[in-house]
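1. sharing a sequence plus its predicted fold:
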Amino acid sequence: QVQLVESGGGLVQAGGSLRLSCAASGSRFRLNVMGWYRQAPGKQRELVAVITSGGSTNYADSVAGRFTISRDNAKNTVYLQMNSLKPEDTAVYYCNARGVVTTSYSNLEVWGRGTLVTVSS
């Protein structure tokens, strides 16, 4: 069983920065893609950024140039550095991981519980 634990959310003023972390724990798994999604009040969950095990990244247009995703494969941890934050970035940020169970090669997808980011104007 794989679990994701996020940390790093909080309250910040517009223009400020936050760094989110998400660590995967468990055994017998290999994570291929890790990423961050967010859900603002009254809106659908949306992609923020994803990164493959090889380091390829993809960003939502709304955060490109302000957010940076990175990962430490040895630690099964993904990070999201958020700079120049705007009030519209306020949301619950969810970590997501996709990969395989190494004993059965079955696909797996796991979500974290979310961490709240609030950006004040």
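-> Good, I have the coordinates.
2. now for the residue lying closest to Val78 once chain neighbours are set aside, how many residues are close by?
-> What sits nearest to Val78 in space, not counting adjacent residues and going by CB to CB, 6 or more residues apart in numbering, is Met34, at 4.0 Å. (C-beta placed from N, C-alpha, C; glycine too.) Around Met34 sit 27 other residues, with neighbours defined as other CB atoms under 10 Å.
3. pretty sure Met34 is touching Ser21, no?
-> No - the criterion here is CB atoms under 8 Å, and Met34 misses it with Ser21 at 11.3 Å.
4. which residues do those two both contact?
-> With contacts defined as CB atoms under 8 Å, 6 or more residues apart in numbering, the residues adjacent to both Met34 and Ser21 are Val78.
5. buried residues of the helix or strand hosting the residue nearest to Val78, list them for me.
-> The secondary structure element spanning Met34 is strand 29-39 (assigned by DSSP states H and E). Of the residues in strand 29-39, Phe29, Leu31, Val33, Met34, Gly35, Trp36, Tyr37, Arg38 count as buried by neighbour count, 16 or more other CB atoms under 10 Å.
6. I'd say the fifth one and Ile51 touch.
-> Yes - the pair Gly35 / Ile51 is scored as a contact, 6.5 Å apart, by CB under 8 Å.
7. now for these two: what residues contact both?
-> Here Gly35 and Ile51 share the contacting residues Ile69, Val78, scored by CB under 8 Å, 6+ apart.
8. for the residue nearest to Val78, give me its contacts.
-> Contact partners of Met34, counting by CB under 8 Å, 6+ apart, are Cys22, Ala24, Val50, Ile51, Arg71, Val78, Cys95, Asn96, Ala97, Arg98.
9. so the fifth one touches Val78, yeah?
-> Yes - the pair Arg71 / Val78 is scored as a contact, 4.4 Å apart, by CB under 8 Å.
10. partners of the spatially closest residue to Ala49 that is not a sequence neighbour in the sheet?
-> Distances taken as CB to CB, 6+ apart put Ile69 closest to Ala49, at 4.0 Å, once the chain neighbours are dropped. Beta-bridge pairing of Ile69 under DSSP bridges involves Leu80.
11. noted, bye for now.
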